[in-house]
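Undergrad: Please work out how this folds:
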Amino acid sequence: MAAIQKAANSVNFTRGVVESFACPADKSEAFLWDAKVPGLGLRAYKAGSVVYLYQARLNGQTVRVRIGSRDAWDIDKARKEARRLQLLVDGGTDPREVREQKDKAREEARIERLRASVTVGEAWQEYVTAHAGEWGEYHRRDHEQAVAPPGLPRKRSKLLTTGGTIYPLLSLRLADLSPAVLAQWLEKGKKERPTKAALGYRLFRAFLRWCEGEDEYRGLASPDSLLTSTVRRKVAPAQAKKDALEREMLKGWFGALRICVEPVTAAYFESILLTGARPGELAELRWKDIDFQWRTMLIRDKVEGTRSIPLTPYLAQRLDALPRRNAFVFSSATSKSGHLSDVHNAHTRAIKWAGLPHVTLHGLRRSFGSLAEWVECPVGIVAQLQGHKPSATAEKHYRVRPMDLLRKWHTAIEGWILEQAGIEQPSAEQATGLRVVV
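TA: Just a heads-up that it's a prediction; the model follows:
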């Protein structure tokens, strides 16, 4: 029946016939077939458009392929295309599958061209955006500083900035990265700012690993092929930091904080020393993370996600006395984040006033671990309080310490540090906001 209908609608395509063909008003579509080239037809739609198409039978099924718009194809080209499609059908090949494969190949080629043109800077921005919710403030700031352009005004100097260590790589295409390029980049950075260059290398290494895990960047900058032994040797070796407060320094340090540093910042510094927590973890501590009733603190841990540690008596008093200006315990009325940030200079000022050797904020964290040895606290207890990864199978799988055990040792560490500083540690009953659990 379809063949009879098709034959009835067959005419010799001429320019006039083709241009005058249209869909009747009472139909949604209409067909007209060429009598000269079997399978070639016109399809008119109610909306007004008309296209050339090819139709045939293959393996008992109707095969219909759109050739193109009547306005874009003349009759001779349409007939030529129909004959080509007929050859495919005669050979047992479905023209639709051939077209689909060609379309897929073109799309893959287009994507590959886009992949090959992506710069380090474009991929870096996607990388940072993808991890924005996972990183802490200090880690985010490291990434921002690593790609900062040169020539910007400094906050506390008339000199202009020299630019981030990764900035010189941003304009390069990912596909143009090579071991030679990275080796030259690291060599230059090692001469100018070895520590910053080493940090830049670690950040860039993590970025390359992320790229290799993304479909659109995979294979463009493989870390296995780029980070060769030659490149790695260009990285300045990490120097173990040893700055820390010693026992005889504690009295002067606490005294200097009371004189030189405003109360919220002073409490922040003391909290780092008395908990051994990372500075960034405490800076983002919120009031909802502190349970004064059950004497615990919930720390946002960059390793495990979160960890709970005891809230010791002296620290409880110090924190309970702080102003509740917003959600953060160590709040700031001036910083955009709402909590303390960039307070290193305040600590340096206190250290100088006390006449002590330079100690960084991370050095205060290091001090907690060192000073804990004076009370012979088990190493595993200290590691758990500070949020270090377990270093042995027994620690990973066979040590489950209740909060009361952690509190026993943590309170002892705090008490000993305060004793050396000439400060009396309050009892649990005296500590403001604490409920004594009998």
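Undergrad: Look at Glu424 and say how many residues are nearby.
TA: 11 (other C-beta atoms under 10 Å). Bear in mind the C-beta positions are built from the backbone N, C-alpha and C, glycine included.
Undergrad: just the one 3 residues further on next, same as before
TA: Using other C-beta under 10 Å as the criterion, Ser427 is surrounded by 11 other residues.
Undergrad: The residue nearest to Arg193 when sequence neighbours are not counted and Lys191: what is the separation?
TA: Leaving aside its sequence neighbours, Arg193 sits nearest to Thr165 (C-beta to C-beta, 6 or more residues apart in numbering; 6.9 Å). Distance, Thr165 to Lys191, using C-beta to C-beta, to the nearest Å: 12 Å.
Undergrad: Compare neighbour counts for the two and give me the winner.
TA: Neighbours were tallied for Thr165 and for Lys191 using other C-beta under 10 Å; the higher tally belongs to Thr165 (26 against 10).
Undergrad: Which secondary structure elements does the host helix or strand of Ser367 sit against?
TA: Here Ser367, judged by DSSP states H and E, is contained in helix 361-371. Counting by 3 or more C-beta pairs under 8 Å, 6 or more residues apart in numbering; DSSP states H and E, the packing neighbours recorded for helix 361-371 are helix 263-275, helix 279-283, helix 379-386, helix 403-421.
Undergrad: out of those, nearest to Met297?
TA: helix 263-275 (7.5 Å; C-beta to C-beta).
Undergrad: That closest one - what's its average pLDDT?
TA: Helix 263-275 shows a mean pLDDT of 97.
Undergrad: and the direction of it versus that of helix 403-421, what angle?
TA: Calculated by axes from the mean of the first three to the mean of the last three C-alpha atoms, to 10 degrees, helix 263-275 forms an angle of 110 degrees with helix 403-421.
Undergrad: Buried residues, helix 263-275. List them.
TA: Residues of helix 263-275 classed as buried by neighbour count (16 or more other C-beta atoms under 10 Å): Val264, Thr265, Ala266, Ala267, Tyr268, Phe269, Glu270, Ser271, Ile272, Leu273, Leu274, Thr275.
Undergrad: Once you drop chain neighbours, what's closest to the fifth one?
TA: This means Tyr268. Distances taken as C-beta to C-beta, 6+ apart place Phe330 nearest to Tyr268, at 4.4 Å, with adjacent residues excluded.
Undergrad: The last one now?
TA: Take Thr275 and drop its neighbours on the chain: the residue closest to it by C-beta to C-beta, 6+ apart is Ile309, 6.3 Å away.
Undergrad: Phi first, then psi, for that neighbour.
TA: phi -130, psi 160 (degrees, to the nearest 10).
Undergrad: residues near it, how many?
TA: Neighbour number of Ile309 under other C-beta under 10 Å is 21.
Undergrad: Repeat that for Asp34.
TA: The tally of other residues near Asp34 (other C-beta under 10 Å) stands at 22.
Undergrad: How much space separates it from Asn12?
TA: In terms of C-beta to C-beta, Asp34 sits 7 Å off from Asn12.
Undergrad: give me the low-pLDDT residue ranges for the protein?
TA: Across the chain, the ranges flagged by pLDDT under 70 are 1-8, 109-115, 154-158, 238-240, 302-304, 390-400, 429-438.
Undergrad: And the strands in it?
TA: Ranges of strands in the chain, per DSSP state E, are 10-11, 29-34, 40-45, 50-58, 61-69, 290-291, 296-301, 305-310.
Undergrad: which one of these is the most hemmed in?
TA: strand 40-45 (a mean of 21; mean count of other C-beta atoms under 10 Å).
Undergrad: Within the sheet, what are the partner strands of that one, with directions?
TA: Neighbouring strands of strand 40-45 in its sheet, by DSSP bridges, are strand 29-34 (antiparallel), strand 50-58 (antiparallel).
Undergrad: Can you say which of these is nearest to Gly255?
TA: Closest to Gly255 of the strands paired with strand 40-45 is strand 50-58 (C-beta to C-beta; 88.3 Å).
Undergrad: Residues contacting that closest one, please?
TA: Outside strand 50-58, the residues within contact range by C-beta atoms under 8 Å, 6 or more residues apart in numbering are 21-22, 39-44, 62-70, 73, 78, 81-82, 85-86, 89, 92, 94-95.
Undergrad: Just the CA atoms of it, as CSV, please.
TA: Below are the C-alpha coordinates for strand 50-58, written out as CSV (Å, rounded to 0.1, in the frame of the first residue of the first chain):
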residue,chain,number,x,y,z
VAL,A,50,10.2,21.7,3.3
VAL,A,51,13.1,19.2,3.4
TYR,A,52,14.7,16.6,1.1
LEU,A,53,14.7,13.1,2.5
TYR,A,54,15.7,9.6,1.4
GLN,A,55,13.6,6.5,2.1
ALA,A,56,14.2,2.8,1.5
ARG,A,57,13.7,-0.6,2.9
LEU,A,58,16.5,-2.5,4.7
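Undergrad: Any figure for the gap between the residue positioned nearest the centre of the chain and Gly387?
TA: The residue lying closest to the centre of the chain (C-alpha atoms, centre = their mean) is His131, at 1.9 Å. Distance of His131 to Gly387, computed by C-beta to C-beta: 20 Å.
Undergrad: Thr161 contacts Arg193, doesn't it?
TA: No. Contact criterion C-beta atoms under 8 Å: Thr161 and Arg193 do not qualify, at 12.0 Å.
Undergrad: For burial, what's the neighbour tally of the nearest residue to Ser427 once chain neighbours are set aside?
TA: Once flanking residues are discounted, Ser427 sits nearest to Pro313: 6.4 Å by C-beta to C-beta, 6+ apart. Pro313 has 23 neighbours, counted by other C-beta under 10 Å.
Undergrad: now Arg318
TA: The burial count for Arg318: 19, using other C-beta under 10 Å.
Undergrad: Please apply the same query to Ala132.
TA: Look at Ala132: counted by other C-beta under 10 Å, it has 10 neighbours.
Undergrad: Can you read off the backbone torsions of it?
TA: Backbone torsions of Ala132, given as degrees, to the nearest 10, read phi -60, psi -40.
Undergrad: which ones are touching it?
TA: Arg140.
Undergrad: From Arg300, how far out is it?
TA: According to C-beta to C-beta, Ala132 stands 15 Å off from Arg300.
Undergrad: Am I right that Thr411 is in contact with Thr312?
TA: Yes. Contact criterion C-beta under 8 Å: Thr411 and Thr312 qualify, at 5.2 Å.
Undergrad: I'd like the strands of the chain written out as JSON lines, with distance to Gly369 added.
TA: Below are the strands of the chain laid out as JSON lines (distance: least, C-beta to C-beta, whole Å):
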{"stretch": "strand 10-11", "distance to Gly369": "92"}
{"stretch": "strand 29-34", "distance to Gly369": "80"}
{"stretch": "strand 40-45", "distance to Gly369": "78"}
{"stretch": "strand 50-58", "distance to Gly369": "77"}
{"stretch": "strand 61-69", "distance to Gly369": "73"}
{"stretch": "strand 290-291", "distance to Gly369": "23"}
{"stretch": "strand 296-301", "distance to Gly369": "16"}
{"stretch": "strand 305-310", "distance to Gly369": "14"}
